[in-house]
Each structure stands twice: as C-alpha cells, then as structure tokens.
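Visitor: model the structure of this input:
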Amino acid sequence: MTKRTFLEIVSALVGWPALSARTAWGSADKLTNWAGNLEYASTSVHAARSLDDVRAFVKSHPKLKVLGTRHCFNTIADSPHGFLSVGELGEIVALDVPSDAAALVDRNAAVRTVTVGAGTRYGQLAPQLHEKGFALHNLASLPHIAIAGACATATHGSGEKNGNLASAVRALELVTAAGDVVQLSAEKSGEDFHGAVVGLGALGVVTKVTLAIEPAFAMRQWVYENLPLAQMKDHFDAIEASAYSVSLFTDWQGQRIREVWIKSRTEEGRAFAAPEEFFGAKRASRNLHPIAELGAENCTEQMGVPGPWYERLPHFRMGFTPSAGKELQSEYFVPRKHAVEAILALEKLRDQITPHLLISEIRAIAADSLWMSPCYRQDSIAIHFTWKQDWPAVSRLLPVIEKELGPFGARPHWGKLFTMAPSVLRSRYERLPDFLALARKYDPHGKFRNEFLDRNVYGLG
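Guide: Sure, this is the predicted structure:
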C-alpha cells in the first residue's frame, strides 16, 4: 500500500462557506438550523483552523458542543455555552490505495481508504474522489452535509446491501475533553471503535475521518409512478432487491406508492432492465421531484441517463445548495423482517398523517456493527416523514406514529424529531451501557454533554 495526498480542500471554496454566527442561517442575535425550526441557545461560534486550535479551545472551555452543517432538526448539537466549528478542517484528503495497477481496479482487493478533515462535505469530496477513479458506497439524499456529522448520527442512503454512511468509516481522529488526540481504527482499536463511530457528539471533537472507498462506477436512475399498495405488500423484497438503491415515496393515500426511484449500477449483471411496467407501476415519461407538485430541475438526472455514482445516488444535485428548509423531518427504523407490517400499520393512519405531510420515503439499509446505529446488527427499513413546518400539529401526531411502530421496536433517527420516551429509546440499544462507559472514558466530566444527551442517552432529567 502507498499513501499519497492528492487534494487540498480549503474553506474558501466557492459555495461552501465556513460556519459563522452570521451566515444565511442566522444573524448576530439569532442562529438557527437549516430548516429554521430550531433557534440555538448560543450565537457564539469559534471556527477552528487547525488541530492545535481545536485542542486549545477544548482545553479552555468547561462546556461546549460541535456545530456542523446544521441539518439536524432537534437539539442534539445545541448548547447555551457556545460552539466549536470544524468546517474549515477540510484542507487535506489522503488517498490510501494499492500501488499495483491490477489491485487498483480489483473490487475484491484490500481496503482502499480516503482520509478527510471532519468539516469536509460529501458534495466537496465526491467529485474529486471520482476524478481520481474512486467512489463511496453510499450517499444521503442531500450532498451538502458534513461527513463527520452525518456519521455521528448514523445518517444513511439506501440499498438493502448498503450500510449507512457511518459503516464506511475505518478510522477517526478524536480530540477528547482533556484536549488529547486519540486515533481510533477498525484494525487497532477493538470494540471502542464500534462504539465511537456513531458518537452522537458525546465523546469529543472528531477532526479527521477515514472512509473505505472502491473503484468508481456509473449509474442510471429510473422513476416509476403509482405502485399499487397490494403489489408492495406481496413483492416488497423483490422490489427492494431490484437495484442498487430503491426509494419508495408515498403520501399514504390512494392505496398506492406514489413514486419508486430506482438507482441502478450499469455493470453487466447489475443493470436494471427498466421495463415499461414494474409491479404495476408505470415508468415515468419525464423527470420528477419526490413531491409531485414541485419541479424536478434540482433533482438528479433520471430517465435512464447514465452518469457517475455521485450524480445519481443523491436525490438532489450537487450544485443545488438548499436554503432554509421550511420543513420538519422525522424518521423511524424498524427491522427489515417487519417492513410490510410496519408500512401497513402506518397506512391505517393515512387520514391523520397526510394533512401535515409533504412526503414520506421508505428505504432499506443493511445491518452494521456500530453500537448506537439504529441498524446495529439488524437489516432495517427507514420510514421517513417530511412534514409541513407546523410543530404543534406534528408533535401531536408523532406519539400516534410511535405507538403504531412500538411493537416493531422502532428506533428514531438521532438527528430528527421524535417524542419517544427516553426510557423506551434507551431500552432499544443493547450496547448503551458500553457506550456510556466509553463516553465517560473520553469525557469524564461531561464537557460535551447537553440537555438532549442527558435526557435521551444518559437518562437524566
């Protein structure tokens, strides 16, 4: 193996400004998240420019939180004590790949990796990685989120054989509460590594992330309309297995799935045949947005047009930077074996859900070994809700949804809105005691704890 540094990403890149308290998502006296539903308890943000800067800031502050790209909808990253941003720590990306040309393209070769500064966003990394002939195994719907933050909350893409974004992590560089630098890796750190990857911001400040990569690949995307609910019920496994990534979009009305997005790799033996009809759904004749009433100009290319992986795996284009979201989001993970039962249970709530809904998305995610991942040791489906921005109405509805999903042991997305009782949430993570021990090891006095962690993870208050 040889290691070479092939890219420097600096915060001055056009379209990717460093975080400050005076960005478009806030002002001198107000700092909000992307959706605008949350006003943070502090407007004080220190933008670290080096590892030494991170260490000095952590040492000098008794309490703090790391604030990323602010795509969380709840208070998991909030603090009244001020924030540290690592948005400018994206300056070095190290590529570690086989030096032998044959091994370079062999998909079964030893693990290849790329190491990035924690502030790097997927939209920055992906095109540069592709240019060098490599790819990530998965991407989320939006490419604008930071890699470290996405992994810390187990954010995911889609694909029944694809783990979430955190499952690609092979190593972390972490600054602990004492200001020490700790290197954790899958090869050398044992179980601590599996506890630290989905760290929820509880262990320290992640400053570098190493990700597994693979040779670049091309994809095509097709969209189908009006999949009968009965067909989904009878053929769910076949639908999910039809391509590399499959998303079902529904408004829960009309006994049908409104849109099916099929993202297929183009290699021989893996390509989707794209028939006119797919389990009763009709192939779309034009590009579509997941919300049918909206135009598709900001969506990734469809209609079977081939393109690189990073221009097909997300639902939205890399060059499209979202402004204020004007939406709320919730998401629940249930074991794959209960997928159809869970979907049908929610379908019964359709007349309660739809008036407050923009769209729901259903995806499959493979199991992983990360302690605080909702997919820990279980293949899962994620049922996502994009809500209209009416928290009073949504807050009344979420307990009803959580009750219906309760028999399936549903776990909410850590960065989205839920009302599940903390005791219930904690009971659904078998490695929680080990995670708490790990958190106390690196943060014995609770420097990185906040109200969200105290309530939902530590079981206090």
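Visitor: and the gap between the closest residue to residue 127 other than its chain neighbours and residue 362?
Guide: Leaving aside its chain neighbours, residue 127 sits nearest to residue 310 (6.4 Å; criterion: C-beta to C-beta, 6 or more residues apart in numbering). All C-beta atoms are positioned from the backbone trio N, CA, C, and that covers glycine. Distance of residue 310 to residue 362, given as C-beta to C-beta, to the nearest Å: 23 Å.
Visitor: mind checking how far the residue nearest to residue 127 is from residue 158?
Guide: Counting by C-beta to C-beta, the gap from residue 310 to residue 158 is 15 Å.
Visitor: so which of those two has more stuff around it?
Guide: Higher neighbour count among residue 310 and residue 158: residue 158, with 28 against 23, using other C-beta atoms under 10 Å.
Visitor: does the spatially most central residue of the chain lie in a helix or a strand, and which?
Guide: Nearest to the geometric centre of the chain sits residue 155, at 2.1 Å (C-alpha atoms, centre = their mean). Using DSSP states H and E, residue 155 sits in no helix or strand.
Visitor: next SSE after the longest helix seen in the chain?
Guide: Determined from DSSP state H, the single longest helix within the chain is helix 391-405. The element immediately downstream of helix 391-405 (helix or strand, assigned by DSSP H and E) is strand 411-412.
Visitor: show me what that next one is packed up against.
Guide: Helices and strands touching strand 411-412, by 3 or more C-beta pairs under 8 Å, 6 or more residues apart in numbering; DSSP states H and E, are strand 328-335.
Visitor: and the strand it packs on, what does it pack onto?
Guide: Here strand 328-335 touches strand 380-387, helix 391-405, strand 411-412, going by 3+ C-beta pairs under 8 Å, 6+ apart.
Visitor: tabulate the ones you listed (TSV), appending mean pLDDT and mean neighbour count.
Guide: Converted to TSV, the helices and strands packed on strand 328-335 look like this (pLDDT from 0 to 100; neighbours: other C-beta atoms under 10 Å):
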stretch	mean pLDDT	mean neighbour count
strand 380-387	97	23
helix 391-405	98	16
strand 411-412	98	24
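Visitor: export those as CSV, with columns for distance to residue 259.
Guide: Formatted as CSV, the helices and strands packed on strand 328-335 follow (distance: least, C-beta to C-beta, whole Å):
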stretch, distance to residue 259
strand 380-387, 13
helix 391-405, 21
strand 411-412, 24
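Visitor: out of the ones you listed, which is closest to residue 29?
Guide: Minimum separation from residue 29 across these (C-beta to C-beta) falls at helix 391-405, 21.9 Å.
Visitor: got the angle between that closest one and strand 328-335?
Guide: Angle between the axes of helix 391-405 and strand 328-335 is 10 degrees (criterion: axes from the mean of the first three to the mean of the last three C-alpha atoms, to 10 degrees).
Visitor: which parts of stretch 415-433 are buried?
Guide: For stretch 415-433, the neighbour count (16 or more other C-beta atoms under 10 Å) marks 415-418, 420, 422, 425-426, 429, 431-432 as buried.
Visitor: quick one, helices of the chain?
Guide: Using DSSP H, the helices of the chain run over 51-60, 101-105, 122-131, 147-152, 191-196, 229-240, 339-347, 350-353, 391-405, 422-427, 432-442, 451-456.
Visitor: next, the angle from the longest one to strand 380-387.
Guide: It refers to helix 391-405. 160 degrees.
Visitor: which elements pack onto helix 391-405?
Guide: For helix 391-405, the packing partners by 3+ C-beta pairs under 8 Å, 6+ apart come out as strand 328-335, helix 339-347, helix 350-353, strand 380-387.
Visitor: neighbours around residue 368, how many?
Guide: Residues near residue 368, counting by other C-beta under 10 Å: 25.
Visitor: what about residue 299, how many residues close to it?
Guide: Using other C-beta under 10 Å, residue 299 is surrounded by 20 other residues.
Visitor: verify the stated contact: it with residue 289.
Guide: Yes - look at residue 299 against residue 289 with C-beta atoms under 8 Å: they come within range, at 5.6 Å.
Visitor: give me the common contacts of the two.
Guide: Overlap of the contact sets of residue 299 and residue 289 (by C-beta atoms under 8 Å, 6 or more residues apart in numbering) is empty.
Visitor: ok, residue 281 - contacts?
Guide: Taking C-beta under 8 Å, 6+ apart, one finds 224-228, 231, 257, 260 in contact with residue 281.
Visitor: shaky segments in the stretch 101-250 of the chain?
Guide: The stretch 101-250 of the chain contains residues with pLDDT under 70 at 101-110.
Visitor: need the helices and strands packed on helix 391-405 in TSV (columns: distance to residue 95).
Guide: Putting the helices and strands packed on helix 391-405 into TSV (distance: least, C-beta to C-beta, whole Å) gives the following:
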stretch	distance to residue 95
strand 328-335	32
helix 339-347	37
helix 350-353	45
strand 380-387	31
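Visitor: so which of these gets nearest residue 146?
Guide: Here strand 328-335 is closest among the helices and strands packed on helix 391-405 (C-beta to C-beta), at 17.1 Å.
Visitor: alpha carbons of that closest one, as PDB, please.
Guide: Extracted C-alpha coordinates of strand 328-335, given in PDB (Å, rounded to 0.1, in the frame of the first residue of the first chain):
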ATOM      1  CA  LEU A 328     -39.700  19.300   9.600                       C
ATOM      2  CA  GLN A 329     -38.400  15.800   9.400                       C
ATOM      3  CA  SER A 330     -38.900  12.600  11.400                       C
ATOM      4  CA  GLU A 331     -37.700   9.100  10.700                       C
ATOM      5  CA  TYR A 332     -38.100   5.700  12.300                       C
ATOM      6  CA  PHE A 333     -36.100   2.500  11.700                       C
ATOM      7  CA  VAL A 334     -37.700  -0.900  12.100                       C
ATOM      8  CA  PRO A 335     -36.200  -4.400  11.500                       C
END
